[in-house]
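**Q** give me a model of this one.
(2 chains)
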Amino acid sequence: MVLPSLLKSCLQLSCVLRTPKAGFRSTTSGGLIIQSISNDIYQNLAVEDWIHDHVNLENRQVLFLWRNSPAVVIGRHQNPWQEQKNIKLARRRSGGGTVYHDLGNINLTFFTSRKKYERMENLKLVVKALKALRPQLDVHVTDRYDILLDRQYKISGTAAKLGRTTAYHHCTLLCNADKFVLSSVLKSPYKGLKSNATPSVPASVKNLFEEDPSLTYEVLLDAIADTYAMQHQIDNHITLINPADETVLPGINNKTKELRTWEWVYGKTPKFSVSTCFNMVYKDSVLDVKVDMDVKHGRIEVCNIYLPEQWLPPALCSELVKSLTGSKFCPNEATTLATTLLRLCPQDDELHSRWNLLCENVVTLM
Amino acid sequence: ARKFTDKHEWVSVENGIGTVGISNFAQEALGDVVYCSLPEIGTKLNKNDEFGALESVKAASELYSPLSGEVTEVNAALADNPGLVNKSCYQDGWLIKMTVENPAELDELMNEDAYEKYIKSIED
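**A** Purely as a prediction, here's the structure:
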């Protein structure tokens, strides 16, 4: 990702960022624009964490520019089972709803002290940058902190995290994302799920590129960095950072690792319950099955499976329920459990096929 | 008597148990709370430890323990009604109850008057 029109260098970031009152040679108010060289969602989220934890933002503000290869990103208190399946999934630490990232989406993170936390100001800066590029562009900020194009299409969504002394506000900007993939991955697959996890609010979206094909990723990035530099009276100078470099960002690889864990992505889901009825077709009959599960920290706390009497040996069914209780709400784990239990059964083809049918259906719920 | 931290949490101790919540200033600044992430009963906290988060209009805001102690109760009403934190931040919108391991820590906190003065000073 080379932007030839702007000066860039890989400074020893840790020196610059961690020295409390150090500014750049010619900065007056203290500001820094940095851009990630990585397209990995976990690495980039880890950079946000690192800055949030380690940088003194008392007299300084930081703008972090990043983009990711395809991934779905859920908010801190959302339910991944409710939101999507089948694509790289990450949970961020800020609140809010689910978004789809790909290389056609620009992420902007505005870091400030907690006192100076001001989302509207940041979004107005983005709108200012867009209008400086194309004065005819109809873009404005709503009171929900979305940016709308032509009064109807969402081109940016916002989320934030407030810490003890620092805060960050990040937002997306749809430049040229794959809208087809976006709408298919953001469709909720789940019925019968009850929880008080933060819901997502669906919206009509449009890419800036569709409005004006000259608005490329590079052009937009430049314009935003330009406007930010002007506003904060700092050099229009983007520092590149490598989110895997421990010498510049000590401890970052541990943060990245944590963001990848099952415990973080799935285990941090607010308690929820699944209650669903479905039909199974077996030979000439249709069976009604009901499954209720309470899931806490991503693990099945309570499990009940209601089947027609004697369709399967009751002892086997209660073994299944017992094994599922306490295990992860995860298709791989459930399949392994089911297979293990089946090995303890007599070699009865009829039994095996009934068992497999039931377990397949239960695993589909996960 | 209610004591306050400079991060806008309050604690009120009765019979050795401290009830913790956030101040009116904080709930106003946060906006409508949509989700409360609170610790498990039995969690041991040190003063200033992060014990949870409140999510409001897409900002997740961390909560910091005003004292050292063990969590004895968590406000279950907030699961279905997180807005209680806004509607009644000093009464029904309490967050956790905890033991007070080190009563001297209370002296480090602000009383109501001092907190009012503090808010005024940061608002400028």
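
**Q** quick one, what contacts the closest residue in space to residue A:114 that isn't next to it in sequence?
**A** The shortest distance from residue A:114 to any non-neighbouring residue, by CB to CB, 6 or more residues apart in numbering or on different chains, is to residue A:167 (4.7 Å). In short, each C-beta sits where N, CA and C put it, glycine included. Neighbour list for residue A:167: A:111-114, A:116-117, A:160-161 [criterion: CB atoms under 8 Å, 6 or more residues apart in numbering or on different chains].

**Q** do residue A:265 as well
**A** If you count contacts by CB under 8 Å, 6+ apart, residue A:265 has them with A:80, A:89-91, A:259.

**Q** from residue B:112, how far off is the residue nearest to the spatial centre of chain A?
**A** Nearest to the mean C-alpha position of chain A, counting by CA atoms, centre = their mean, stands residue A:73 at 1.6 Å. From residue A:73 over to residue B:112 the distance is 42 Å, taken as CB to CB, to the nearest Å.

**Q** now the two most distant members of the contacts of residue A:167.
**A** A:116 and A:161 (14.5 Å; CB to CB).

**Q** which one of the two is surrounded by more residues?
**A** Per other CB atoms under 10 Å in any protein chain shown, whichever of residue A:116 and residue A:161 has more neighbours is residue A:161, with 27 against 16.

**Q** quick check: the residue nearest to residue A:114 vs residue A:42, distance?
**A** 22 Å.

**Q** and the residue in the stretch 251-366 of chain A that chain B sits nearest to, what element?
**A** Closest contact between the stretch 251-366 of chain A and chain B, by CB to the nearest CB, is at residue A:270 (7.0 Å). Taking DSSP states H and E as the definition, residue A:270 sits outside all helices and strands.

**Q** doesn't residue A:79 make contact with it?
**A** Yes - the criterion here is CB atoms under 8 Å, and residue A:270 meets it with residue A:79 at 6.8 Å.

**Q** any shared contact partners between these two?
**A** A:195, A:197.

**Q** more neighbours: those two, which one.
**A** Higher neighbour count among residue A:270 and residue A:79: residue A:79, with 25 against 19, using other CB under 10 Å.

**Q** from chain A, how far out is the residue nearest the centre of chain B?
**A** Central residue of chain B (CA atoms, centre = their mean): residue B:21, 2.7 Å from the mean position. Residue B:21 sits 17 Å away from chain A, going by CB to the nearest CB, to the nearest Å.

**Q** ok, that residue to residue B:94 distance?
**A** Counting by CB to CB, the gap from residue B:21 to residue B:94 is 5 Å.

**Q** against which helices or strands is the helix or strand residue A:363 falls within packed?
**A** Here residue A:363 sits within helix A:349-364, counting by DSSP H and E. Counting contacts by 3 or more CB pairs under 8 Å, 6 or more residues apart in numbering or on different chains; DSSP states H and E, helix A:349-364 packs against strand A:272-282, strand A:285-296, helix A:314-324, helix A:331-343.

**Q** which parts of the longest one are buried?
**A** For helix A:331-343, the neighbour count (16 or more other CB atoms under 10 Å in any protein chain shown) marks A:333-334, A:337-338, A:341 as buried.

**Q** about what we covered before: can you give me the buried ones in the helix or strand encompassing the residue nearest to the centre of chain B?
**A** Remark: residue B:21 resides in strand B:17-22, with elements defined by DSSP H and E. By neighbour count on 16+ other CB under 10 Å, the buried set for strand B:17-22 is B:18-22.

**Q** got any ranges where chain B has weak pLDDT?
**A** Where chain B drops to pLDDT under 70, the residues are B:58, B:124.

**Q** and the stretch 51-200 of chain A, by the same measure?
**A** In the stretch 51-200 of chain A, residues with pLDDT under 70: A:84-86, A:189-191.

**Q** ok, 90 please
**A** A:54-60, A:79-87, A:95-98, A:114-117, A:143-144, A:163-165, A:180-200 (pLDDT under 90).

**Q** gap between the two ends of stretch A:301-311?
**A** 25 Å (CA to CA, to the nearest Å).

**Q** I'd say residue B:53 and residue B:37 touch.
**A** Yes - counting by CB under 8 Å, residue B:53 touches residue B:37, with 4.6 Å between them.

**Q** shared neighbours, those two?
**A** A:76-77.

**Q** all strands for the stretch 51-200 of chain A, in order.
**A** Secondary structure of the stretch 51-200 of chain A by DSSP state E, counting those that start in this stretch: the strands cover A:61-66, A:71-74, A:89-91, A:99-101, A:105-113, A:139-141, A:147-149, A:153-156, A:158-162, A:166-174, A:193-195.

**Q** winner for burial among the ones you listed?
**A** When these are scored by mean count of other CB atoms under 10 Å in any protein chain shown, the highest mean neighbour count falls to strand A:158-162 (a mean of 26).

**Q** take that strand, keep the C-alpha atoms, and write them as PDB.
**A** Taking Å, rounded to 0.1, in the frame of the first residue of the first chain, the C-alpha atoms of strand A:158-162 are listed here in PDB:
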ATOM      1  CA  THR A 158     -19.500   4.100  14.300                       C
ATOM      2  CA  ALA A 159     -18.500   2.400  17.500                       C
ATOM      3  CA  ALA A 160     -16.400   3.400  20.500                       C
ATOM      4  CA  LYS A 161     -14.700   2.300  23.600                       C
ATOM      5  CA  LEU A 162     -14.200   4.400  26.700                       C
END
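
**Q** what's the angle from it to strand A:105-113?
**A** Interaxial angle, strand A:158-162 versus strand A:105-113 (axes from the mean of the first three to the mean of the last three CA atoms, to 10 degrees): 30 degrees.

**Q** which bits of chain B sit near chain A?
**A** By CB under 8 Å from any CB of the partner chain, the residues of chain B that approach chain A are B:7, B:34-35, B:37, B:53, B:55-62, B:64, B:79-80, B:82, B:122.

**Q** among the residues you listed, name the buried ones.
**A** B:7, B:34-35, B:37, B:53, B:55-62, B:64, B:82.

**Q** before we move on, back to that, quick one: contacts of the helix holding residue A:363?
**A** Around helix A:349-364, the neighbours that count as contacts under CB under 8 Å, 6+ apart are A:278, A:280, A:282, A:289, A:291, A:305, A:307, A:311-313, A:316, A:320, A:324, A:331, A:334-335, A:338, A:342, A:345.

**Q** ok, back up a step: and the residue lying closest to the residue of the stretch 251-366 of chain A closest to chain B once chain neighbours are set aside, what does it touch?
**A** For residue A:270, ignoring the flanking residues on the chain, the nearest one in space by CB to CB, 6+ apart is residue A:197 at 4.5 Å. Residues near residue A:197 by CB under 8 Å, 6+ apart: A:77-79, A:82, A:269-270, A:272, B:35.

**Q** how far away is the closest residue to residue A:231 other than its chain neighbours from chain B?
**A** Take residue A:231 and drop its neighbours on the chain: the residue closest to it by CB to CB, 6+ apart is residue A:125, 6.0 Å away. Taking CB to the nearest CB as the measure, residue A:125 falls 18 Å from chain B.

**Q** my guess is residue A:125 meets residue A:228, correct?
**A** Yes - taking contacts as CB under 8 Å, residue A:125 lies within contact range of residue A:228: 6.3 Å.

**Q** the two: which is more packed in?
**A** Neighbour count, other CB under 10 Å: between residue A:125 and residue A:228, residue A:228 has more, with 25 against 19.

**Q** which stretch of helix or strand covers the more buried one?
**A** Going by DSSP H and E, residue A:228 is part of helix A:217-231.

**Q** what is that helix packed up against?
**A** Here helix A:217-231 touches strand A:31-36, strand A:61-66, strand A:105-113, helix A:119-133, going by 3+ CB pairs under 8 Å, 6+ apart.
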